[in-house]
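Colleague: below: sequence and its predicted model.
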Amino acid sequence: MALVDNVISKAREYIGVSENPPESNNVVFNTDYYGREVFDNGSATYPWCVVFLWDVFRMSGAGSIFCDGMKTASTEAVLTHYKNKGMLFSTGKRGDIVLIITDAAGRGRNVNHAGLVISVNGDGTYETIEGNTGSGNIANGGMVMNRTRSLSGRGYKIVGFARPSYEKKSVKQSSTNAGFNEIPVSASLTVTGSGVRVRTTPNTASSIVKSIGEGENVKAVGRIASRHNPWFHISEGYISGNFVRGWIKDYNDNNRWWYVDKDYKYAKAEWKTIEGKDYCFGKDSYLFVKCYIKSAINGTYYWVDDDGVYQKRYDTESPSRKYRIVENYKSENAYKI
C-alpha cells in the first residue's frame, strides 16, 4: 500500500471521534501530542485540527513527511512551512493538506483550520477528513468528520493545498520505541524506590541494564506519554515513571514545567508545597509562572514569579493588568500556545 493510502486509511479509522466532554478539547490526538490529557474551559487553548493530522501521519509511519518532521499544532506554521518550500498549491490532489480560513477567524489570521484531502470530485469539490470540525462550527466543532469542500463555501474559503512529499521513504521506527510516543523533556529526577530497574526499552519484558538505588539522581531526555504505563528515557535506558520524583520540562519549553511524585502522581488544578516553596498548577498540570492568581477563598491575588514560586509580599486586591491574571486556577490551563 502506498504511503498516501496508509495516511488516508488511518484518518478514516477516526471518523466520528469527538471531544469528551464537549467543548473541552480533551481528545486522544491532543493526549498523544502533549503527552497527557489536556482540557480547555472555553478558551480554545488546545485546538486540534493540525494535531489530528500530525497524529495520523505519525501513526501511519509518515511522521517525517508531515511538515518534514516538524511538530506543530499551528495552522499558520503549516501554511508558512509549505509556502516557503514552494509546495503550496491553489488546486489540490489526494493526500494534500487543505488549509482553510473561516469568516470567524480573528483579525490578522491567514488560516485557522486544516484537513486531509481524500479525493477530488468531478465537480471540482474535495472530499476531506478533518479534525475538530462540526456541522455548526467549521474550525472548532470538536469532532473528526468527512466533509465536502469547495474553493469558497459558506463561512469559509480555501487558502491553499499543502503537499507532503509522499514519494519520500518514511523513517522506520526503531525497535526500541516502536508503538510508543516519546516526547522530549529536560528533567532531573530522584529515584524513590530501592533496586529500581533500568531497561533497554520501555517495557517490563525487556532486558535489565542495571538497578538504581533510592535517592540516586538521574537526568531524563524523554518520556513515554502514558498515564497508565509511564517511562522516562535516561542515558542508559528506560526507568519506570512510578519510582521517581522531580521537575520536568516538556518539549524543553520553559512554559511547560510540571512536577511528578512517586507513583506518577502530579499536581493538577491545585497549590502544592515543594521543598518549602508554594507553587500553583493549572487544570493542565503545568506550572503557572509570572502571573497573579486569585485566591479560592477571598479577593486576594497571589503573585508567582518567573520560577512559579509564590511571593507573599506581593499579595494584592488590585493586580496589575500588565501581567496575566488567573481568576480561577482550578479551571484554567497554565500553558498558553
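Modeller: Great, that's in hand.
Colleague: domain assignment for the chain?
Modeller: 3-162, 182-266, 270-326 (automatic domain parsing).
Colleague: tell me the most buried of those?
Modeller: Most buried of those, by mean neighbour count (mean count of other Cβ atoms under 10 Å): domain 3-162, with a mean of 18. (Glycine included, C-beta is placed from N, CA and C.)
Colleague: can you give the contact residues for stretch 247-263?
Modeller: Applying Cβ atoms under 8 Å, 6 or more residues apart in numbering, the set of residues contacting stretch 247-263 from outside is 34-35, 71, 183-189, 192-193, 220, 223, 241-246, 266-267, 272, 274, 279, 281, 285-287, 289, 308, 335-336.
Colleague: output the below-cut-off pLDDT ranges for the protein.
Modeller: The chain contains residues with pLDDT under 70 at 1, 41-44, 168-181, 225-228, 337.
Colleague: residue ranges for the helices of it, please.
Modeller: Secondary structure of the chain by DSSP state H: the helices cover 3-13, 28-34, 49-59, 75-85.
Colleague: would you format the ones you listed as a markdown table with distance to His113 included?
Modeller: Below are the helices of the chain laid out as a markdown table (distance: least, Cβ to Cβ, whole Å):
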| stretch | distance to His113 |
| --- | --- |
| helix 3-13 | 15 |
| helix 28-34 | 15 |
| helix 49-59 | 5 |
| helix 75-85 | 6 |
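Colleague: closest to Arg163 out of those helices?
Modeller: Closest approach to Arg163 among the helices of the chain is made by helix 75-85 (6.8 Å; Cβ to Cβ).
Colleague: which elements pack onto that closest one?
Modeller: helix 49-59, strand 97-102, strand 113-120, strand 156-162 (3 or more Cβ pairs under 8 Å, 6 or more residues apart in numbering; DSSP states H and E).
Colleague: now render these as TSV, adding distance to Gly86.
Modeller: Formatted as TSV, the helices and strands packed on helix 75-85 follow (distance: least, Cβ to Cβ, whole Å):
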stretch	distance to Gly86
helix 49-59	20
strand 97-102	15
strand 113-120	19
strand 156-162	11
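Colleague: so which of the ones you listed gets nearest Tyr82?
Modeller: strand 156-162 (3.7 Å).
Colleague: quick one, strands of the stretch 151-300 of the chain?
Modeller: For the stretch 151-300 of the chain, strands defined by DSSP state E, counting those that start in this stretch occupy the ranges 152-153, 156-162, 182-191, 196-199, 208-212, 217-224, 231-234, 237-240, 244-250, 257-261, 265-266, 270-274, 277-281, 291-294.
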